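Asker: what follows is a protein structure lacking sequence information:
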């Protein structure tokens, strides 16, 4: 794993050995680009789409997103595959403009602090675009394990991808913190037994801790607060 920085300024308890991050809305904000891509597809096909509907697509796979977009309308498999590919092509048009500047506030510092303590770092995402996006963000070599829909049978909102990622990192569920921006992702991680941190503006208040972003969050303080929870 390529190190972002060496940081020995603080000591954290070894109870927490890994951090596991959702990607969209946690590492970088792709929500607007997903919205624009689905919106373009919906307009081309005469489907109703709105930001409220887009919020329901947060944290789920492309297939499930299409099912929710269709809202009961039936299409054959070939059409479904073609529509999903078009949407992905539109998203990649946006992705091509990504740079390290598109990392969300505080994420670089949290990753550096974790690396300075020898913690493992993982991604557990419902997106199949994680790897090319990480390359654009300059973070591909930062993570020890990357879980995505190609890895597990049951994708989010099931907890399988979190459990797989923890296993790939060699840690137990109570030795890892999951960072998520969707209520379904928080539910999945909590159901598996992980400590959870909710980020963003969605309904993530049921996480063990929640913040609008990581801009003012220090890892040592975060871990101390989490380990003080009684769950």
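Answerer: Alright, I've got the coordinates. Note that the structure is a prediction, hence the values are computed from the model and not measured. Residues are numbered from 1 along each chain as shown.

Asker: going forward, measure contacts and count neighbours with C-alpha atoms only.
Answerer: Fine.

Asker: can you give me the pLDDT of residue 175?
Answerer: Model confidence at residue 175, given as pLDDT, is 96.

Asker: ignore what I typed, I meant residue 34.
Answerer: 87.

Asker: that one and residue 93 touch, don't they?
Answerer: No: using CA atoms under 8 Å, residue 34 makes no contact with residue 93, being 10.9 Å away.

Asker: tell me where the chain has strands.
Answerer: 18-21, 120-124, 145-147, 176-180, 195-199, 209-211 (DSSP state E).

Asker: adding mean neighbour count, write those strands out as CSV.
Answerer: CSV is the format used below for the strands of the chain (neighbours: other CA atoms under 10 Å):
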stretch, mean neighbour count
strand 18-21, 25
strand 120-124, 25
strand 145-147, 23
strand 176-180, 27
strand 195-199, 25
strand 209-211, 18
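
Asker: was I right to think residue 68 contacts residue 57?
Answerer: Yes: the criterion here is CA under 8 Å, and residue 68 meets it with residue 57 at 7.4 Å.

Asker: would you turn the strands of the chain into JSON lines with distance to residue 106?
Answerer: Formatted as JSON lines, those follow (distance: least, CA to CA, whole Å):
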{"stretch": "strand 18-21", "distance to residue 106": "13"}
{"stretch": "strand 120-124", "distance to residue 106": "15"}
{"stretch": "strand 145-147", "distance to residue 106": "20"}
{"stretch": "strand 176-180", "distance to residue 106": "13"}
{"stretch": "strand 195-199", "distance to residue 106": "11"}
{"stretch": "strand 209-211", "distance to residue 106": "11"}
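
Asker: so which of the ones you listed gets nearest residue 110?
Answerer: Relative to residue 110, the nearest member of these by CA to CA is strand 18-21, separated by 9.6 Å.

Asker: direction included, what does the closest one pair against?
Answerer: Here strand 18-21 has these sheet partners by DSSP bridges: strand 120-124 (parallel), strand 176-180 (parallel).

Asker: what's the closest of those strands to residue 24?
Answerer: Nearest of these to residue 24, taken as CA to CA: strand 176-180 at 8.9 Å.

Asker: how far away is the residue nearest to residue 165 when sequence neighbours are not counted from residue 79?
Answerer: In this structure, residue 165 finds its nearest non-sequential neighbour in residue 147, 5.6 Å apart by CA to CA, 6 or more residues apart in numbering. Plainly put, residue 147 is 27 Å away from residue 79 if you go by CA to CA, to the nearest Å.
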